[in-house]
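K.L.:
got a sequence here, can you build the structure:
(2 chains)
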Amino acid sequence: DAGVIQSPRHEVTEMGQEVTLRCKPISGHNSLFWYRQTMMRGLELLIYFNNNVPIDDSGMPEDRFSAKMPNASFSTLKIQPSEPRDSAVYFCASSLSGNGYTFGSGTRLTVV
Amino acid sequence: AQSVTQPDIHITVSEGASLELRCNYSYGATPYLFWYVQSPGQGLQLLLKYFSGDTLVQGIKGFEAEFKRSQSSFNLRKPSVHWSDAAEYFCAVADSGNTGKLIFGQGTTLQVKP
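P.N.:
Residues are numbered from 1 along each chain as shown, chains lettered A, B, ... in the order given. Here you go, the predicted model:
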């Protein structure tokens, strides 16, 4: 089992550019979560999917953020346009019916 | 609304000493509770979880946690800390317990003195 796979590991982009973060959950898991981690705000849930359907996106900061899960094995988090305050580590996690959440290694995003 | 409080932002213990990290939660029903550990530059690793049954749960790396409903607590313990335990520790509660979102505390950073 390769675990939850996120790409890229690091991303540096200029303000105003589009950024796409990718996540491959563990095969067979039916829930997928996107979290953001910053020093100031800790771990924040952005959005989560159950069986590929978005259930709660109340944590998405604003319309610049969007997430999709076109199938059970892939999800993306997109920021367009990106801003310096979006700099953070973005984690993807997956679970099977809430029975423990497995996190990816994260994507460290820096917007300059 | 569900919430998790970790009262200690930073804790320093000597290697070989015992450890207890505090966690208090707010949740109306029986909570699903978790402890995660995060090493620098890494993702979060599950240490242990409580869903029901025995209130003392054993986890990986020699950690255990005790669920106390009367105190709304789920404290993490280890009898003898190793230098490799230095990391950040997060307590979390699952909303609705099944497929629900995970609410995290602010984390406790553990430093281990030689």
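K.L.:
show me where chain A has its strands.
P.N.:
Here chain A has its strands, by DSSP state E, at A:5-7, A:10-13, A:19-24, A:31-38, A:42-50, A:53-56, A:65-71, A:74-79, A:88-95, A:101-103, A:107-111.
K.L.:
list the buried residues in the first one.
P.N.:
Within strand A:5-7, the residues that count as buried by 16 or more other Cβ atoms under 10 Å in any protein chain shown are residue A:6. Backbone N, C-alpha and C define where each C-beta goes, glycine included.
K.L.:
and for that strand, what's in contact with it?
P.N.:
A:21, A:22, A:23, A:24, A:90, A:91, A:92, A:104, A:105, A:106, A:107 (Cβ atoms under 8 Å, 6 or more residues apart in numbering or on different chains).
K.L.:
turn the strands of chain A into JSON lines, including mean pLDDT.
P.N.:
What follows is the strands of chain A, written out as JSON lines (pLDDT from 0 to 100):
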{"stretch": "strand A:5-7", "mean pLDDT": "97"}
{"stretch": "strand A:10-13", "mean pLDDT": "97"}
{"stretch": "strand A:19-24", "mean pLDDT": "98"}
{"stretch": "strand A:31-38", "mean pLDDT": "94"}
{"stretch": "strand A:42-50", "mean pLDDT": "92"}
{"stretch": "strand A:53-56", "mean pLDDT": "91"}
{"stretch": "strand A:65-71", "mean pLDDT": "97"}
{"stretch": "strand A:74-79", "mean pLDDT": "98"}
{"stretch": "strand A:88-95", "mean pLDDT": "95"}
{"stretch": "strand A:101-103", "mean pLDDT": "90"}
{"stretch": "strand A:107-111", "mean pLDDT": "97"}
